[in-house]
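# Provide a 3D model corresponding to the input given below.
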Amino acid sequence: MEQATLNTDVIATLNLPAYPELSDLVRTVEGKYGKRLVFEESTADSLGEGVTGQWIDTPNQGIVRYLSGPRAWSVHVVLHELSHILLGHQGKPLDGLIAGSFFSGIGKRNGVSWMCRAVDVPLDEAEAAAENLAFGLARVLHATPVKEATKAERVFGL
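Residues are numbered from 1 along each chain as shown. The predicted model follows:
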């Protein structure tokens with residue numbers, strides 16, 4: 001399926017209000033996911049080199065960790081992780097990832113598993129799909145109502 005069509009189809013299933021807030025999107029994703037989502041601001045040291053966010057699935061909730069930084073950046077990282085959830089990306093710990101000291105503890109506490117991709121989707125394709133959907137979600141969140149032209153604007157063709 002073409003990425004633009006996939007994004008449109010996924011976004012259409014969300015049934016968001018006309019001008020949604022991030023909280024509307026989170027509630028909708030929680031409903032589709034079937035669990036509460038908890039958001040944790042993290043540092044580069046705790047996430048690992050080059051990692052800006054992660055989604056950890058636990059038996060009772062999902063944890064979305066995102067890199068601390070400017071709000072716009074953090075929101076985008078959260079949208080990316082929510083996109084993984086919406087696209088059904090999941091995998092076993094370390095599946096498709098480079099094993100390293102950062103990843104050595106993932107999946108070892110109380111049924112926590114690293115959720116990054118469907119087993120049959122290569123990691124780079126899953127990341128690209130999540131990134132594209134994150135941009136689509138951002139467009140929905142930043143949409144503004146079309147303002148009706150004032151009388152002066154209509155008269156002067158503005």
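# what about the residue nearest to Leu16 when sequence neighbours are not counted, helix or strand, and which?
If the residues on either side of it in the chain are set aside, Leu16 comes closest to Asp24, at 5.7 Å by CB to CB, 6 or more residues apart in numbering. Bear in mind the C-beta positions are built from the backbone N, C-alpha and C, glycine included. Here Asp24, judged by DSSP states H and E, is contained in helix 22-33.
# OK, contacts around Lys32?
13-14, 85-86 (CB atoms under 8 Å, 6 or more residues apart in numbering).
# same question, Ser42
Contacts of Ser42 (CB under 8 Å, 6+ apart): 65-68.
# list only buried entries from the residues you listed.
Buried members of the contacts of Ser42, scored by 16 or more other CB atoms under 10 Å, are 65-67.
# still on that earlier bit, okay, the residue nearest to Leu16: pLDDT?
At Asp24, the model reports a pLDDT of 96.
# same thing with Lys147?
pLDDT, Lys147: 75.
# list only buried entries from the contacts of Lys32.
Among the contacts of Lys32, those classed as buried by 16+ other CB under 10 Å are 14, 85-86.
# of the residues you listed, closest to Arg36?
Using CB to CB, Ile85 comes nearest to Arg36 of the buried ones among the contacts of Lys32, at 12.3 Å.
# residues contacting that closest one?
By CB under 8 Å, 6+ apart, the residues touching Ile85 are 29, 32-33, 55, 62, 115.
# buried among these? Need that as a selection in ChimeraX.
For the buried members of these, the matching ChimeraX selection, counting by 16+ other CB under 10 Å, is:
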select :29,33,55,62,115
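# can I get the contacts of Ile85 in TSV including pLDDT and distance to Arg154?
As requested, the contacts of Ile85 are exported to TSV (pLDDT from 0 to 100; distance: CB to CB, whole Å):
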residue	pLDDT	distance to Arg154
Val29	96	41
Lys32	95	43
Tyr33	94	47
Trp55	91	49
Gly62	91	49
Met115	42	52
